[in-house]
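**Student:** can't give you the sequence, but here's the structure:
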């Protein structure tokens, strides 16, 4: 179930991406990354290189209409696996889905190739889905995970949503969330 939050979906289930290889953990900056809203975009961090004359060269930025990535991964090898706009996770009709955003090398989800060569595509995600960014030999491998939120976390999200759309005034909102914050250690 998804609750309304003005500009994007907030989640009833907590979603995570877990690194399954050392290269992915290094690119991710750790073993696990929480997905806190949808759509959630993943892509490669822009690279900086020194030219033969010793000048710093930065890749051009994405076009002005492009949405930013919520997760930017480091792919520094001579042969890139991750596109700057690689995939996004979004809510489909029957649950979370992965959409390849026309990446050069594509994405593999549970042994199903999605996108590649500038073509996109969508596949459903389930708890435990394995995601490979790029070709099958890519070292960038993730696991998609779902976790049930606690009752307090669900109540907090519902109160946040009601406050965001103006149903709860500031005083009522604060009086209701204070005990939840205390129990959740926030």
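**Tutor:** Great, that's in hand. Every value quoted in this text rests on a predicted model; they were computed, and no experiment measured them.

**Student:** could I get the full set of helices for the chain?
**Tutor:** Taking DSSP state H as the test, the helices found in the chain are 22-28, 151-164, 170-184.

**Student:** point out where this protein drops to low pLDDT.
**Tutor:** 1-12, 47-52, 54-66 (pLDDT under 70).

**Student:** who touches the residue nearest the centre of it in this structure?
**Tutor:** The C-alpha lying nearest the average C-alpha coordinate of the chain belongs to residue 40 (Cα atoms, centre = their mean; 3.8 Å). Counting by Cβ atoms under 8 Å, 6 or more residues apart in numbering, residue 40 makes contact with 15, 70-71, 88-90. C-betas here are computed from N, CA, C, even on glycine.

**Student:** and the closest residue to residue 181 other than its chain neighbours, how many neighbours?
**Tutor:** Taking Cβ to Cβ, 6 or more residues apart in numbering as the measure, residue 181 lies nearest to residue 156, with 7.6 Å between them; neighbours along the chain are not counted. Per other Cβ atoms under 10 Å, the neighbour tally for residue 156 reads 19.

**Student:** need the contact list for residue 156.
**Tutor:** Contacts here follow Cβ under 8 Å, 6+ apart; on that basis residue 156 touches 177, 180-181, 184.

**Student:** drop anything exposed from these.
**Tutor:** Neighbour counting with 16 or more other Cβ atoms under 10 Å marks 177, 180 as buried within the contacts of residue 156.

**Student:** which among the contacts of residue 156 gets closest to residue 150?
**Tutor:** Within the contacts of residue 156, the smallest distance to residue 150 is 7.9 Å, found for residue 184 (Cβ to Cβ).

**Student:** isn't that closest one up against residue 152?
**Tutor:** Yes - with contacts counted by Cβ atoms under 8 Å, residue 184 reaches residue 152, the gap being 5.5 Å.

**Student:** related to what we said a few turns ago, for the residue nearest to the centre of the chain, give the beta-bridge partners.
**Tutor:** Beta-bridge partners for residue 40, by DSSP bridges, are residue 89.

**Student:** could you count how many residues lie near the closest residue to residue 105 other than its chain neighbours?
**Tutor:** With Cβ to Cβ, 6+ apart as the measure, residue 134 is the residue that lies nearest to residue 105, at 3.9 Å, once sequence neighbours are left out. If you count neighbours by other Cβ under 10 Å, residue 134 ends up with 23.

**Student:** what domains does the record give for this structure?
**Tutor:** Residue ranges for the structural domains of the chain, counted by automatic domain parsing, are given in the record as 2-147, 151-184.

**Student:** buried ones in stretch 159-178?
**Tutor:** In terms of neighbour count (16+ other Cβ under 10 Å), stretch 159-178 has its buried residues at 159, 161-164, 168, 173, 176-177.
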